[in-house]
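Student: need a structure here:
(one chain, ligands or ions: 1)
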Amino acid sequence: MPRNSNPSRSANGSPASGNQAPAPAANFDQMGFRQGHGPLLGGPGKVRSKNTAGTLRRIGSYLALQRQSLITVVLSTVITSGLALLGPYMIGKMVDNYVVPRHYDGFMRMGMLLLGVYLLGAIFTWIQQYSASSLSQNTVRDMRRDIMKHYQRLPVPFFDQKTHGELMSRATNDIANVSNTLNQTVVQLISGVLMLVGSIVMMFVLSGWMTLITILTVPLIAFITKRITKYTRHYFSQQQRHLGEVNSFVQEMISGLKVVKVFGREATSTEQFRDINEKLRAVSIKAQSLSGSMGPMMNTMRNITFVIIAVCGGLFAYHDLITIGVIVSFLNYSTQFSQPINQLANQYNLFQSAVAGAERVFEVLELEPEMYDDREEWLNRSLPIRGEVVFDRVTFGYKPDVPVLKQLSLEASPGQMIALVGPTGAGKTTVINLLTRFYEIGSGQIRIDGRDIQQFSKQELRQQIGLVLQDAYVFSGTIRENIRYGRLDATDQEVEAAARHANADTFIRRLPKGYDTDLSADGSNLSQGQKQLLTIARAVLANPAILILDEATSSVDTRTELHIQEAMKSLMKGRTSFVIAHRLSTIREADSILVVNGGEIIEQGSHEELLQLNGFYAGLVHNQWAAQEQTG
Ligand SMILES: Nc1ncnc2c1ncn2[C@@H]1O[C@H](COP(=O)(O)OP(=O)(O)OP(=O)(O)O)[C@@H](O)[C@H]1O
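Tutor: Residues are numbered from 1 along each chain as shown. Coordinates of the predicted model:
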């Protein structure tokens, strides 16, 4: 359960945020937020960044925070590469100076020295790996922290435009890409360049002609590698695509399991799955076998290079142009020299996909958040309000050219219960979205206690509002923590009192661990009605002046509904309440029923008054009675 230090009054867990000045509605499409998923499972090389330099600068600013690790990585890489270059040179010298002339003492001394060089290399390699991991993990931790913080501060309309998968992918897969690359690339880039340049220099020092012969083998290796990678990349991207199909099929089958069973479609599903599964198998074999043969192929190439160097070196040595020690050194350098070429080529692809991943993270971070003020005085500030709510000729549309509410006006006196009814899509929830300032109105004014809600900070406003939604939301965590989400400083006694008030205490006490029972992430170990009672308890604890109950009882059975209604009735006492209910029986006692249709209030009055009017509401009531009689 997220431990928010903010005593939000939004009972259903909407993070409270504040706004000192009304922020202009952000147009996220104009802000360059691109559609599409990040490379979910690799597929490096496919993704290209738009602004590599800018993204690198931002990654750099994150890396700069890890100065110590960065310096350690660079230093240890330089030392490791230096030692690795020294080794072959020493071996050559050992052969020429001690092995060939049979100087036993010098031979042993040099052997020990060489051992020392390689051991030191191992120690610095470990330091290098450790600091590279710290560098990358600390950096992506900071990036994850920033993107999560930013998600919480982005206004609600932003989330309308993006799928959950997309947003999660940015906080997980894209960042994982950055982490993988940082881990390897920083080290390999530095060591690759050092080893390449270092080996060439060392080889030239030993023999110019032999260096030329060794370098000539490079295009051959590069050509073969390129051909193989071309095919592997093709098959790997196909594998990704088929894997994606398998994933979505499995996900769909599990989510829709009941539907599959009810319609007896198990056999068809299995048949469909067999096809997709088979395609994945076939292409995976090609991809894996090709990529698996890459290593042995490279080995063969390396061996061929060895043969060329040994034969040419032998000829040169025969004519006294070079010594045997130089041949030995060259054999070693030839491997050290070809490795970084392949590594750097691979790193380039990986690097591209990391930059693209980072760019997708930064795109989110660049979006304008809701104005937010988390200073202590805001958090603890609670302006007592009476709860008078006025909508004054409010016009609003989710899209500017499609008005959803048209010149809508309504008034709720403090403590009144206002019911909103009307056909689906009429605009009832929209009224609530505007009162909570999840969305900003187009024209008109909404006032609470005579004050324009634009003058409240969003945080201040939402602290006054409690929300109980139909889709009761519970977090993973204990029942106690879930209720306490309504007011974080509540004592255990206050939590339990709230639960009693919400009719939830009895069922909670019957659970094996009572208030300390752990809830799974979506509360699947509770019934819908029980979850509803928990969110009511949460709202009781928050003690808001204004309460919003959105179709809160429409998905539970009649007995639970009575239970919930009772809890709600006691919750509504003394608060201005807006109730959206499809079951008209729940709102009979409302002080005023507003009938919304097509974004306008077409009728208004008490239950009796509206029945007498014999208009739209009366029609709805009669329809529902008729339906109940039919089913009853
Ligand atoms: N986030 C959104 N983006 C764009 N259009 C939306 C959004 N939410 C709602 N709408 C549209 O606004 C209109 C009013 O929706 P609203 O949710 O207010 O209706 P409602 O009366 O609460 O319906 P229901 O009883 O089915 O919940 C509908 O036409 C709907 O399609």
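Student: which SS class is the closest residue to Ala545 other than its chain neighbours?
Tutor: Distances taken as Cβ to Cβ, 6 or more residues apart in numbering put Gly387 closest to Ala545, at 4.2 Å, once the chain neighbours are dropped. Quick note: C-beta positions are derived from backbone N, CA and C, even for glycine. Following DSSP: H, G, I helix; E, B strand; the rest coil, Gly387 is assigned to coil.
Student: I am assuming Gly387 contacts Arg575, so please confirm or correct that.
Tutor: Yes: counting by Cβ atoms under 8 Å, Gly387 touches Arg575, with 6.3 Å between them.
Student: Are there residues contacting both of the two? Which ones?
Tutor: 415, 545-546 (Cβ atoms under 8 Å, 6 or more residues apart in numbering).
Student: hey, which helix is longest across this structure?
Tutor: Of all the segments assigned as helix in the chain under DSSP state H, the longest by residue count is helix 266-318.
Student: Summarise which helices and strands that one is packed against.
Tutor: In terms of contacts (3 or more Cβ pairs under 8 Å, 6 or more residues apart in numbering; DSSP states H and E), helix 266-318 is packed against helix 208-255, helix 324-366.
Student: which strands and helices sit next to the first one?
Tutor: Spelled out, it's helix 208-255. Counting by 3+ Cβ pairs under 8 Å, 6+ apart, helix 208-255 packs on helix 173-206, helix 266-318, helix 324-366.
Student: Could you check the angle the last one makes with helix 208-255?
Tutor: Relative orientation of helix 324-366 versus helix 208-255 (axes from the mean of the first three to the mean of the last three Cα atoms, to 10 degrees): 40 degrees.
Student: ok, back up a step: among the helices and strands packed on helix 208-255, which is nearest the ligand?
Tutor: Closest to the ligand of the helices and strands packed on helix 208-255 is helix 324-366 (Cβ to the nearest ligand atom; 19.3 Å).
Student: Now do the closest one: which elements does it pack against?
Tutor: Contacts defined by 3+ Cβ pairs under 8 Å, 6+ apart place helix 324-366 against helix 52-64, helix 67-94, helix 104-153, helix 164-171, helix 173-206, helix 208-255, helix 266-318.
Student: Would you mind writing the CA trace of the shortest one as PDB?
Tutor: Right, the one you point to is helix 164-171. Extracted C-alpha coordinates of helix 164-171, given in PDB (Å, rounded to 0.1, in the frame of the first residue of the first chain):
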ATOM      1  CA  HIS A 164      -2.200   1.300 -18.500                       C
ATOM      2  CA  GLY A 165       0.100  -1.100 -20.300                       C
ATOM      3  CA  GLU A 166       1.800   1.800 -22.100                       C
ATOM      4  CA  LEU A 167       2.400   3.800 -18.900                       C
ATOM      5  CA  MET A 168       3.600   0.700 -17.000                       C
ATOM      6  CA  SER A 169       5.900  -0.100 -19.900                       C
ATOM      7  CA  ARG A 170       7.600   3.300 -19.500                       C
ATOM      8  CA  ALA A 171       8.200   2.800 -15.800                       C
END
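Student: Pull out the buried positions in that helix.
Tutor: Neighbour counts over helix 164-171 (16 or more other Cβ atoms under 10 Å) mark 166-167, 169-171 as buried.
Student: Could you export these to a markdown table, including columns for pLDDT?
Tutor: Below are the buried residues of helix 164-171 laid out as a markdown table (pLDDT from 0 to 100):
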| residue | pLDDT |
| --- | --- |
| Glu166 | 73 |
| Leu167 | 79 |
| Ser169 | 77 |
| Arg170 | 80 |
| Ala171 | 82 |
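Student: Let's have those in a markdown table, adding distance to the ligand.
Tutor: Formatted as a markdown table, the buried residues of helix 164-171 follow (distance: Cβ to the nearest ligand atom, whole Å):
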| residue | distance to the ligand |
| --- | --- |
| Glu166 | 16 |
| Leu167 | 15 |
| Ser169 | 21 |
| Arg170 | 21 |
| Ala171 | 22 |
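Student: from the helices and strands packed on helix 324-366, which stretch is densest packed?
Tutor: helix 173-206 (a mean of 20; mean count of other Cβ atoms under 10 Å).
Student: helices and strands around that one, which ones?
Tutor: Using 3+ Cβ pairs under 8 Å, 6+ apart, helix 173-206 sits against helix 52-64, helix 67-94, helix 104-153, helix 208-255, helix 324-366.
Student: Quick check: mean pLDDT of it?
Tutor: Mean pLDDT, computed over helix 173-206, is 85.
Student: relative to helix 104-153, how tilted is that helix?
Tutor: Interaxial angle, helix 173-206 versus helix 104-153 (the same axes, to 10 degrees): 160 degrees.
Student: if I look at the nearest residue to Ser136 once chain neighbours are set aside, how far off is Gln470?
Tutor: Leaving aside its chain neighbours, Ser136 sits nearest to Leu182 (3.6 Å; criterion: Cβ to Cβ, 6+ apart). Leu182 sits 44 Å away from Gln470, going by Cβ to Cβ, to the nearest Å.
Student: and if you look at Phe107?
Tutor: Counting by Cβ to Cβ, the separation of Phe107 from Gln470 is 85 Å.
Student: need the contact list for Lys286.
Tutor: Taking Cβ under 8 Å, 6+ apart as the test, what Lys286 contacts is Tyr235.
Student: Go ahead and list the helix or strand containing Ser577.
Tutor: Here Ser577, judged by DSSP states H and E, is contained in strand 576-580.
Student: pLDDT of stretch 90-98, averaged?
Tutor: On average, stretch 90-98 scores 91.
Student: Oh, that last question was meant for stretch 600-609, not what I typed.
Tutor: On average, stretch 600-609 scores 88.
Student: can you list contacts of that stretch?
Tutor: Against stretch 600-609 from outside (Cβ under 8 Å, 6+ apart): 405-410, 587-596, 610, 613, 615-617.
Student: mind running it again at 7 Å?
Tutor: Identification of contacts with stretch 600-609 by Cβ atoms under 7 Å, 6 or more residues apart in numbering yields 406, 408, 410, 588, 592-595, 610, 613, 615-617.
Student: buried residues in that stretch?
Tutor: With burial defined by 16+ other Cβ under 10 Å, the residues of stretch 600-609 counted as buried are 601, 603-605, 607.
Student: Sort out for me which of those residues are in helices.
Tutor: Among the buried residues of stretch 600-609, the members falling in helices are His607 (criterion: DSSP H).
Student: Now render the buried residues of stretch 600-609 as CSV, adding distance to the ligand.
Tutor: Supplementary listing: the buried residues of stretch 600-609 in CSV, determined by distance: Cβ to the nearest ligand atom, whole Å:
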residue, distance to the ligand
Ile601, 12
Glu603, 15
Gln604, 16
Gly605, 19
His607, 19
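Student: what's the closest of the buried residues of stretch 600-609 to Gly397?
Tutor: Distance to Gly397 across the buried residues of stretch 600-609 (Cβ to Cβ) is lowest for Ile601, with 16.9 Å.
Student: rewinding a little: please produce JSON lines containing the helices and strands packed on helix 324-366, extended by distance to Gly529.
Tutor: Converted to JSON lines, the helices and strands packed on helix 324-366 look like this (distance: least, Cβ to Cβ, whole Å):
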{"stretch": "helix 52-64", "distance to Gly529": "47"}
{"stretch": "helix 67-94", "distance to Gly529": "52"}
{"stretch": "helix 104-153", "distance to Gly529": "29"}
{"stretch": "helix 164-171", "distance to Gly529": "26"}
{"stretch": "helix 173-206", "distance to Gly529": "37"}
{"stretch": "helix 208-255", "distance to Gly529": "22"}
{"stretch": "helix 266-318", "distance to Gly529": "31"}
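Student: I'd like to know which of the ones you listed is closest to Gly466.
Tutor: Each of the helices and strands packed on helix 324-366 has some distance to Gly466 by Cβ to Cβ; the shortest is helix 104-153, at 19.5 Å.
Student: following that closest one, which helix or strand comes up?
Tutor: Counting by DSSP H and E, the next helix or strand C-terminal to helix 104-153 is helix 156-160.
Student: So Val595 sits against Phe616, correct?
Tutor: Yes: with contact defined as Cβ atoms under 7 Å, Val595 and Phe616 form a contacting pair (5.4 Å).
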